[in-house]
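1. Next comes the sequence, and after it the predicted model I'd like to discuss.
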Amino acid sequence: MGDNKEIMPPQYDVNAKMDACIDLTVRRFVYSTLGGAVGGLLFFRSPVTRWASVAFGAGTGIGSAYTECSRLFEGSPSTAKVVSPKIVETPATQDGQD
């Protein structure tokens, strides 16, 4: 007997999106935390500033992962058509030039 599973379109496959987001979040959190730790060891002497560097790296990783996951679930905000304002150039009046 064959499988009677219906193939779900990729835009509706929430499980695959969630797996991708978890993977992305863990990787970015770990890599940016390690980057903050290395940067803290290289540039700072005080333990407080080193921990601040680690926390900044972790926050940067989580923030970038959140942005990417929100684009993955809701679609990219840059796909919306943005209309730029039209600028009309008018020549300045030249009073008393004649």
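-> Nice, thanks for sending it over.
2. use CA for all of it now, contacts and neighbours both
-> OK.
3. Helices along this structure, start to end?
-> Along the chain, counting by DSSP state H, helices occupy 14-43, 47-74.
4. For the last one, buried residues please.
-> Buried residues in helix 47-74, counted by 16 or more other Cα atoms under 10 Å: 50-62, 65, 68-69.
5. residue ranges with poor pLDDT in this structure?
-> Where the chain drops to pLDDT under 70, the residues are 1-6, 8-12, 75-84, 96-98.
6. Looking at the buried residues of helix 47-74, spot the one nearest residue 87.
-> Taking Cα to Cα as the measure, residue 68 is the one of those closest to residue 87, at 33.6 Å.
7. how far away is the closest one from residue 32?
-> 15 Å (Cα to Cα, to the nearest Å).
8. Check residue 48 too.
-> Counting by Cα to Cα - residue 48 and residue 32 are separated by 18 Å.
9. go on, residue 41?
-> From residue 41 to residue 32 the distance is 14 Å (Cα to Cα).
10. Look at the two and report which has more neighbours.
-> Counted by other Cα atoms under 10 Å, residue 41 and residue 32 do not tie: residue 32 has more neighbours, with 20 against 17.
11. Verify the stated contact: that one with residue 57.
-> Yes - proximity of residue 32 to residue 57 meets the contact threshold set by Cα atoms under 8 Å, at 4.8 Å.
12. Measure how buried residue 90 is and give me the count.
-> Count around residue 90 with other Cα under 10 Å applied: 6.
13. give me every residue that touches it.
-> With contact set as Cα atoms under 8 Å, 6 or more residues apart in numbering, residue 90 has no partners.
14. a markdown table please, covering the helices of the chain and showing distance to residue 85.
-> Supplementary listing: the helices of the chain in a markdown table, determined by distance: least, Cα to Cα, whole Å:
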| stretch | distance to residue 85 |
| --- | --- |
| helix 14-43 | 36 |
| helix 47-74 | 26 |
